[in-house]
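A.B. asks: pasting the structure only:
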């Protein structure tokens with residue numbers, strides 16, 4: 001699969017996961033919503049990186065890239081939302097976050113994903 005198609009695949013997956021997260025928030029399932037929010041954020045970051053020729057294959061590489069990207073964009077909200085999404089990922093396994101917390105995080109992830117996806121060049 002060529003890079004352009006891979007970028008589009010990550011982008012589409014990010015949007016799909018975000019929609020699923022919102023569905024599970026409405027259904028009252030904080031754990032599943034949490035995991036989908038993390039997935040949406042991770043896929044958006046992978047799409048941006050791949051559009052610049054960078055493949056990210058681990059949580060550590062995602063973290064390193066998002067820190068670099070936030071500094072480059074002068075937008076630490078991207079990094080902060082990544083951190084929040086990463087804690088949501090833990091909620092899938094360890095549970096404990098309130099639905100209200102997950103719902104508030106969902107809005108931050110939605111905004112961050114939109115910012116991230118806007119960084120992808122149109123020709124990618």
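C.D. replies: Good, I have the coordinates. Here the structure is a predicted model, which is why all the values come from computation and not from measurement. Numbers count the residues shown, from 1 in each chain.
A.B. asks: how about residue 3, nearest residue that isn't a chain neighbour?
C.D. replies: With CB to CB, 6 or more residues apart in numbering as the criterion, residue 3 has its nearest non-adjacent residue at 6.3 Å, and that residue is residue 50. Placement of C-beta: from N, CA and C, glycine included.
A.B. asks: I meant residue 53, not that one.
C.D. replies: Nearest residue to residue 53 in three dimensions, chain neighbours excluded: residue 3, at 7.3 Å (CB to CB, 6+ apart).
A.B. asks: I'd like to know how far that neighbour sits from residue 123.
C.D. replies: As judged by CB to CB, to the nearest Å, residue 3 and residue 123 stand 11 Å apart.
A.B. asks: residue 7 reaches residue 122, doesn't it?
C.D. replies: No. Using CB atoms under 8 Å, residue 7 makes no contact with residue 122, being 11.1 Å away.
A.B. asks: and these two? Which one has more around it.
C.D. replies: Between residue 7 and residue 122, residue 7 has the larger neighbour count (other CB atoms under 10 Å), namely 20 against 4.
A.B. asks: give me the element the more buried one is part of.
C.D. replies: When secondary structure is defined by DSSP states H and E, residue 7 falls within helix 3-27.
A.B. asks: let me know the average pLDDT across the next helix or strand after that helix.
C.D. replies: Per DSSP H and E, helix 3-27 leads on to helix 30-51 as the next helix or strand towards the C-terminus. When pLDDT is averaged over helix 30-51, the result is 95.
A.B. asks: from the chain's centroid, how far away is helix 30-51?
C.D. replies: Shown here is helix 30-51, whose average C-alpha point lies 3 Å from the average C-alpha point of the whole chain (CA atoms, centre = their mean, to the nearest Å).
A.B. asks: secondary structure element for residue 86?
C.D. replies: helix 76-94.
A.B. asks: packing partners of that helix?
C.D. replies: Applying 3 or more CB pairs under 8 Å, 6 or more residues apart in numbering; DSSP states H and E, we find helix 76-94 packed against helix 30-51, helix 59-73, helix 99-118.
A.B. asks: quick check: buried residues in it?
C.D. replies: By neighbour count, and taking 16 or more other CB atoms under 10 Å as the criterion, the buried residues in helix 76-94 are 78-79, 81-82, 84-86, 88-89, 91-92.
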